[in-house]
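Q: model the following, please.
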Amino acid sequence: MLTRRALVALLAAWAGLAHGAADVDFDHLKARAQALARAAYAAPPAPDAASPAIDPGRLRDLAVKPARAPWSMQSRFVPLPLAPRADCAPTRFHSIQASGIASFEYRPELFDWAAVGVTAPPAAAGFCGFRLLYPPASGGGRVDLARFGGDVWQLVGAGQAFGAAAWVAGEIGGDGQARAVPFREFWLLRPAAGARQLRLYALADATALTAAVQIDVMPGPVNRAEVRMALYPREAAGELLLAPLAGSFLQGELQPRRLSPLQAERHSVDGLAIHTTAGGWVWRPLDNPRGRSAYSFLVDTPRGFGLLQRDREPGHYEPGTAHAQQPDLWLTPAGDWGAGQLRLIESPAKTDEPPNVVVGFVPRQRPAAGAEISLAYTLEWSSDASLPRPGGYVVATRSGAADDGGRRYVVDFAGSALQGLPPGVAPTAVIDVARGGKLRRQQVQANPYAGGWRLLFDFGRETDAPLQLRAYLQHADQPLTETWDYVDPSR
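A: Just a heads-up that it's a prediction; the model follows:
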């Protein structure tokens, strides 16, 4: 039962929004989120009885009919709310314009249900987020620029396919699983004619915390989003995951037959890249483990990190899939996030949805209930080489059995730093095998196919526990590449 104080806080948080556009801004939403955090958590309405019977896959791209869209289809930015789904937290949609705030409410007739074979549309309490359309650089029509779902959001460029996504925040449960904090409401500030960026506000709410979010979406050769966020943990909050990025990884060159006898790769991202506070670079190939795994990188306020899709060779994927067109996602913090670590969590998966890889920042000191956590950062989605990267980087990782019964890893490096070596000079390798393993053999050889160098090394095991492995290439005692970082799984 709600206490009187909690009830007052909850009513204040959900007070009406008919006061004019000036009343809805970031500070206004911060006050609402803070009031919500002081109240007991109220779960969103349960899905309509008809919803669970409808395959969510059929509804993923079902958007409001263009004729029913909240803004004209001739607008530069066109938001199209998405149909409700049983697996998606319901969200409300508001438009901020010169005349005030207009709420766009869910009605079944807004959607063409027959087009997806649905005869009994659900009566729902909201939408499953929205798609955002924008004119391509080539002109003509509108194409997808962004998708905001129940608990994830992502941008995409011309010629790309949706891939890596961002969360508002996450909570790490006792089982080690990270759970996203879902959106509850969106307010889109209608841009002036000809404007080339869009501002939106969002309120998020979960058992762990509430959040006020401001996002400026800026389309271009690299699609960018400037994010400001204020989070307020509740008493029941566990370990928090801040600024999380998420993607899917099912099968790659390290596990060519993990799910399918075919050797085709299947992933929206294939590695985690980190630009450390000290200026170094780390590359961690991703995995589809047989049991959930978590790994921490001790980096206080990294210069940047991202989930990347470095393998862009279409022939490495099954025909008809869009993996080679899925973009990299890079995060650059603004300001000091304090002491903490990046936590990478990988879960076993057999399907692309939901994402099975998530990485985010875990503060060293757990925030107190009600205390404000302020974050600001930039997110960039791109499928070309425009995002930050070191002069030498990993392009492929493979592993197998060594001739002597040990383990062998093959790591291919490329990049401008490796192409600038004097003629006839080869880089040398620096390899670290954690306690419980012993390096037996190493070799560095030119790899003209990748335009760089290949490192091969064998090691023996003296333990069945997971083994930490690290390696990089250097010349004259100076690193030429990022550090390849991987954990050889337990045997």
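Q: going forward, measure contacts and count neighbours with C-alpha atoms only.
A: OK.
Q: so what does the host helix or strand of residue 210 touch, helix or strand wise?
A: Element membership for residue 210 (DSSP states H and E) is strand 209-218. Packing partners of strand 209-218 (3 or more Cα pairs under 8 Å, 6 or more residues apart in numbering; DSSP states H and E): helix 26-38, strand 198-205, strand 223-233.
Q: direction included, what does it pair up with?
A: Its sheet considered, strand 209-218 pairs with strand 198-205 (antiparallel), strand 223-233 (antiparallel) by DSSP bridges.
Q: starting at the chain centroid, how far to it?
A: 15 Å (Cα atoms, centre = their mean, to the nearest Å).
Q: out of the helices and strands packed on strand 209-218, which gets nearest to residue 371?
A: Of all the helices and strands packed on strand 209-218, strand 223-233 sits nearest to residue 371, with 5.8 Å by Cα to Cα.
Q: tell me the angle of the closest one relative to helix 26-38?
A: 40 degrees (axes from the mean of the first three to the mean of the last three Cα atoms, to 10 degrees).
Q: average pLDDT across strand 223-233?
A: For strand 223-233, the mean pLDDT works out to 97.
Q: that older thread, what comes into contact with the strand holding residue 210?
A: The contact list for strand 209-218, computed with Cα atoms under 8 Å, 6 or more residues apart in numbering, reads 26, 29-30, 32-34, 36-37, 168, 181, 196-205, 223-234, 237.
Q: 6 Å - rerun?
A: For strand 209-218, the surrounding residues in contact (Cα atoms under 6 Å, 6 or more residues apart in numbering) are 29-30, 33, 37, 197-204, 224-234.
Q: same check, this time on stretch 352-371
A: Looking at stretch 352-371 with Cα under 6 Å, 6+ apart, the contacting residues turn out to be 232-235, 241-248, 339-347.
Q: before we move on, back to that, which among the strands paired with strand 209-218 is found nearest to residue 318?
A: Residue 318 lies closest to strand 223-233 among the strands paired with strand 209-218, at 27.0 Å (Cα to Cα).
Q: after the closest one, heading C-terminal, what element do we hit next?
A: Next along from strand 223-233, by DSSP H and E: strand 239-247.
Q: remind me which residues of the stretch 251-400 of the chain are low pLDDT?
A: Scanning the stretch 251-400 of the chain with the threshold set as pLDDT under 70 gives 256-263.
Q: that one: strands as residue ranges?
A: With DSSP state E, counting those that start in this stretch as the criterion, the stretch 251-400 of the chain has strands at 266-267, 271-275, 281-285, 293-297, 304-308, 328-333, 340-346, 357-363, 373-382, 393-401.
Q: in JSON lines: these, plus mean neighbour count and distance to residue 138.
A: JSON lines is the format used below for these (neighbours: other Cα atoms under 10 Å; distance: least, Cα to Cα, whole Å):
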{"stretch": "strand 266-267", "mean neighbour count": "26", "distance to residue 138": "29"}
{"stretch": "strand 271-275", "mean neighbour count": "24", "distance to residue 138": "31"}
{"stretch": "strand 281-285", "mean neighbour count": "22", "distance to residue 138": "35"}
{"stretch": "strand 293-297", "mean neighbour count": "14", "distance to residue 138": "42"}
{"stretch": "strand 304-308", "mean neighbour count": "26", "distance to residue 138": "26"}
{"stretch": "strand 328-333", "mean neighbour count": "23", "distance to residue 138": "22"}
{"stretch": "strand 340-346", "mean neighbour count": "22", "distance to residue 138": "38"}
{"stretch": "strand 357-363", "mean neighbour count": "26", "distance to residue 138": "34"}
{"stretch": "strand 373-382", "mean neighbour count": "20", "distance to residue 138": "17"}
{"stretch": "strand 393-401", "mean neighbour count": "19", "distance to residue 138": "31"}
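Q: so can I have CSV of these showing distance to residue 117?
A: What follows is the strands of the stretch 251-400 of the chain, written out as CSV (distance: least, Cα to Cα, whole Å):
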stretch, distance to residue 117
strand 266-267, 29
strand 271-275, 38
strand 281-285, 40
strand 293-297, 39
strand 304-308, 36
strand 328-333, 34
strand 340-346, 35
strand 357-363, 32
strand 373-382, 34
strand 393-401, 43
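Q: tell me which of the ones you listed sits nearest to residue 455.
A: Closest to residue 455 of the strands of the stretch 251-400 of the chain is strand 393-401 (Cα to Cα; 9.7 Å).
Q: quick check: angle from that closest one to strand 281-285?
A: 40 degrees.
Q: now find how far off-centre the helix or strand just after strand 393-401 is within its chain.
A: Next helix or strand after strand 393-401 toward the C-terminus (DSSP H and E): strand 407-414. Relative to its chain's centre, strand 407-414 lies at 27 Å (Cα atoms, centre = their mean).
Q: mind listing what's buried along the helix or strand just after strand 407-414?
A: Later in the chain than strand 407-414, the nearest helix or strand by DSSP H and E is helix 416-419. Buried positions in helix 416-419, judged by neighbour count with 16 or more other Cα atoms under 10 Å: 417-418.
Q: quick one: contacts of the very next helix or strand once past helix 416-419?
A: The C-terminal neighbour of helix 416-419 among helices and strands, as given by DSSP H and E, is strand 428-433. Residues outside strand 428-433 that contact it (Cα under 6 Å, 6+ apart) are 469-474.
Q: returning to what we had before: tell me the average confidence for the strand holding residue 210?
A: According to the model, strand 209-218 has a mean pLDDT of 98.
Q: cool, stretch 481-490 as well?
A: Computed over stretch 481-490, the average pLDDT equals 95.
Q: how is this protein divided into domains?
A: 11-382, 393-488 (automatic domain parsing).
Q: need the winner for burial among those.
A: domain 11-382 (a mean of 19; mean count of other Cα atoms under 10 Å).
Q: could you name whichever residue is most remote from the centre of this structure?
A: Relative to the C-alpha centroid of the chain, counting by Cα atoms, centre = their mean, residue 424 is the outermost residue, at 42.2 Å.
Q: what about it, distance to residue 242?
A: 47 Å (Cα to Cα, to the nearest Å).
Q: and if you look at residue 331?
A: From residue 331 to residue 242 the distance is 12 Å (Cα to Cα).
Q: swap in residue 127?
A: Taking Cα to Cα, one finds residue 127 at 25 Å from residue 242.
Q: same check, this time on residue 344
A: 12 Å.
Q: what's the answer for residue 192, then?
A: Residue 192 sits 33 Å away from residue 242, going by Cα to Cα.
Q: quick check: closest non-adjacent residue to residue 296.
A: residue 343 (4.5 Å; Cα to Cα, 6 or more residues apart in numbering).
Q: what sits against the one you found?
A: So residue 343 contacts 295-296, 359-360 (Cα under 6 Å, 6+ apart).
Q: can you rerun that using 10 Å?
A: Residues near residue 343 by Cα atoms under 10 Å, 6 or more residues apart in numbering: 241-242, 244, 294-298, 358-362.
Q: over to residue 273?
A: 281-285, 304-308, 329-330, 388-390, 393, 482-484.
Q: so what's it bridging to?
A: Residues found in beta-bridge contact with residue 273 (criterion: DSSP bridges) are residue 283, residue 306.
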